[in-house]
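*Asks:* just a sequence and a predicted model for now, questions to come.
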Amino acid sequence: MTTITSIIVTLDFLEFPNSYTCKGEDRTPALNIKNLNATSVAIMVFNPFIKSCCSFTPWIVWNLPPLSRIPEGIPKEPQVTYPVQAVQGRNDYGTIGYQGPCPPEGEMHRYQFRVYGLDTMLDLPAGSTKDELIQAMKGHVVQYGETVALAR
């Protein structure tokens, strides 16, 4: 059995600035990762408070290099080469790439950024779903960490 070690994941904010939400540019935020020692990184973002379901996923991305800072502004493309190499999947909106927070007026939602250090690059095509990503990661997660941010 593989031992999963902790990584420390942080954002540059506690509450989303508009530039990372539907009220602004809808850009991916930068993620800081400490103690990372993996071959690749996968990220899944969850909003566990969507009333119509259970856990809504506005972004999944994998095959990121093991950097201490994942840069902001990853474009909404299946295969990304700049500002970092990555593969993106289909989010719960049914689109490719990041969809920033957009809670209804007067509501506050919490977004969880779950970061997985993997022992391999995943052989998973762009546009894959959250469930397909989870299946592909099985047996390859060697590190894990998460952080949260609030949006209103």
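*Replies:* Structure's in. What do you need?
*Asks:* pLDDT at the spatially closest residue to residue 83 that is not a sequence neighbour, what is it?
*Replies:* If the residues on either side of it in the chain are set aside, residue 83 comes closest to residue 71, at 4.3 Å by C-beta to C-beta, 6 or more residues apart in numbering. In this view, the C-beta of every residue, glycine as well, is placed from N, C-alpha and C. Looking at residue 71, its pLDDT is 98.
*Asks:* how much space between residue 71 and residue 34?
*Replies:* Remark: distance between residue 71 and residue 34 (C-beta to C-beta, to the nearest Å) = 16 Å.
*Asks:* who's in contact with the residue nearest to residue 83?
*Replies:* Residues counted as contacts of residue 71 (C-beta atoms under 8 Å, 6 or more residues apart in numbering) are 30, 83-84.
*Asks:* same deal with residue 120?
*Replies:* By C-beta under 8 Å, 6+ apart, the residues touching residue 120 are 39-40, 140.
*Asks:* quick one, helices of this structure?
*Replies:* 130-137 (DSSP state H).
*Asks:* quick check: buried residues in stretch 21-29?
*Replies:* Under the neighbour-count criterion of 16 or more other C-beta atoms under 10 Å, stretch 21-29 has 21, 26-29 buried.
*Asks:* keep only those of those residues that are in strands.
*Replies:* Among the buried residues of stretch 21-29, no member falls in strands (criterion: DSSP state E).
*Asks:* so where's this structure uncertain?
*Replies:* Applying pLDDT under 70 to the chain picks out residues 1, 49-54.
*Asks:* of the contacts of residue 120, buried ones?
*Replies:* The neighbour-count test (16+ other C-beta under 10 Å) applied to the contacts of residue 120 identifies 40, 140 as buried.
*Asks:* just give me the closest of the contacts of residue 120 to residue 121.
*Replies:* residue 40 (5.0 Å; C-beta to C-beta).
*Asks:* where's the closest one relative to residue 99, distance?
*Replies:* For residue 40 relative to residue 99 (C-beta to C-beta), the value is 23 Å.
*Asks:* just residue 31 next, same as before
*Replies:* 16 Å.
*Asks:* and if you look at residue 77?
*Replies:* Distance from residue 77 to residue 99, by C-beta to C-beta: 14 Å.
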